[in-house]
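Novice: Whatever this is, show me its structure:
(2 chains)
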Amino acid sequence: NAGVTQTPKFQVLKTGQSMTLQCAQDMNHEYMSWYRQDPGMGLRLIHYSVGAGITDQGEVPNGYNVSRSTTEDFPLRLLSAAPSQTSVYFCASSYSGLTTSTDTQYFGPGTRLTVL
Amino acid sequence: GQQLNQSPQSMFIQEGEDVSMNCTSSSIFNTWLWYKQDPGEGPVLLIALYKAGELTSNGRLTAQFGITRKDSFLNISASIPSDVGIYFCAGQDDYKLSFGAGTTVTVRA
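Specialist: Numbers count the residues shown, from 1 in each chain, chains lettered A, B, ... in the order given. A predicted model of the protein is given here:
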């Protein structure tokens, strides 16, 4: 049981480049989400998914795309990277989206992205 | 996104002290959560609160879901050095989490 894994750990992009941040979980969790964390701020929700084939926008979705073709994987795509997307990106998963008291949530270790 | 005000921004602890922090919002949430984040790692969920007025403990941690559903507090009793880190509150509404800016807890020299 590896929990939530994210790759890569670090990435440097040039403005305009595209890339995909990978996130995978092996706990059969239905709910997965992506956040970005900027210095001195809390996490902000980018996109989330309540199950395979279902995604929805969070607070800051512009410039990012997601898809959920399997329960295990939830990749985040940057279509055309901008310096404003320099941040630390975290993926998280939970069984039911923390809608019941028996659920819990796990975060991955993060991807540190710099856009030049 | 919804605005959560978390205070204090930072605090210094001495081993053995009790410390508390709180979070307020202009909006109602169905769930309040508290996380701890260590440097270079992802947040770890400490406590989840699902009902207004609920008081929940996890070891030396105690958190309460405010009756108005617009606030929550976290207490740490008898603090120890490994309590240092950044603590975040979060409110959830319809699968969406909104986070506070965090309280940085540091050991007093």
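
Novice: Tell me the residues of chain B that contact chain A?
Specialist: Within reach of chain A by CB under 8 Å from any CB of the partner chain, chain B has these residues: B:1, B:4, B:6, B:31, B:33, B:40-45, B:48, B:50, B:88, B:90, B:92, B:95-102. From N, CA and C alone the C-beta is placed, and that goes for glycine too.

Novice: What residues does residue A:75 make contact with?
Specialist: The contact partners of residue A:75, taken as CB atoms under 8 Å, 6 or more residues apart in numbering or on different chains, are A:20-23, A:66-67.

Novice: right, I mislabeled it, should have said residue A:84
Specialist: Under the criterion of CB under 8 Å, 6+ apart, the neighbours of residue A:84 are residue A:115.

Novice: Average pLDDT for the longest strand seen in chain B, rounded please.
Specialist: For chain B, the longest strand by residue count, based on DSSP state E, is strand B:85-93. Regarding strand B:85-93, the rounded mean pLDDT is 95.

Novice: Give me the distance from that strand to the chain's centre.
Specialist: Relative to the centre of its chain, strand B:85-93 is centred 5 Å away, using CA atoms, centre = their mean, to the nearest Å.

Novice: Is it possible to get TSV of the contacts of residue A:75 that adds secondary structure and pLDDT?
Specialist: Listed next are these as TSV, based on DSSP: H, G, I helix; E, B strand; the rest coil; pLDDT from 0 to 100:
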residue	secondary structure	pLDDT
A:20	strand	98
A:21	strand	98
A:22	strand	98
A:23	strand	98
A:66	strand	98
A:67	coil	96
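
Novice: So which elements touch the helix or strand hosting residue B:21?
Specialist: Assigned by DSSP states H and E, residue B:21 belongs to strand B:19-25. Strand B:19-25 makes packing contacts with strand B:4-7, strand B:10-13, strand B:71-76, strand B:85-93 when contacts are defined by 3 or more CB pairs under 8 Å, 6 or more residues apart in numbering or on different chains; DSSP states H and E.

Novice: so which of these comes closest to residue B:27?
Specialist: strand B:85-93 (7.4 Å; CB to CB).

Novice: Sketch out the low-pLDDT regions of chain A for me.
Specialist: A:1 (pLDDT under 70).

Novice: Would you mind listing what in it touches chain B?
Specialist: A:4, A:31, A:33, A:35, A:40-45, A:48, A:50, A:56, A:58-60, A:90, A:92, A:97-101, A:103-110.

Novice: distance of the residue lying closest to residue A:9 once chain neighbours are set aside from residue A:86?
Specialist: Counting by CB to CB, 6 or more residues apart in numbering or on different chains, residue A:9 lies nearest to residue A:111, which is 6.3 Å off, once chain neighbours are set aside. Counting by CB to CB, to the nearest Å, the gap from residue A:111 to residue A:86 is 12 Å.

Novice: Identify all contacting residues around the strand holding residue B:21.
Specialist: By CB under 8 Å, 6+ apart, strand B:19-25 touches B:2-8, B:11, B:13, B:32, B:70-76, B:79, B:83, B:87, B:89, B:91, B:98, B:100, B:103, B:105.

Novice: Direction included, what does the very next helix or strand once past that strand pair against?
Specialist: The first helix or strand that comes after strand B:19-25 along the chain, using DSSP H and E, is strand B:31-37. Applying DSSP bridges to the sheet, strand B:31-37 is found paired with strand B:44-49 (antiparallel), strand B:85-93 (antiparallel).

Novice: Save these as a markdown table, and put in distance to residue B:57 and mean neighbour count too.
Specialist: Formatted as a markdown table, the strands paired with strand B:31-37 follow (distance: least, CB to CB, whole Å; neighbours: other CB atoms under 10 Å in any protein chain shown):
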| stretch | distance to residue B:57 | mean neighbour count |
| --- | --- | --- |
| strand B:44-49 | 8 | 20 |
| strand B:85-93 | 16 | 23 |
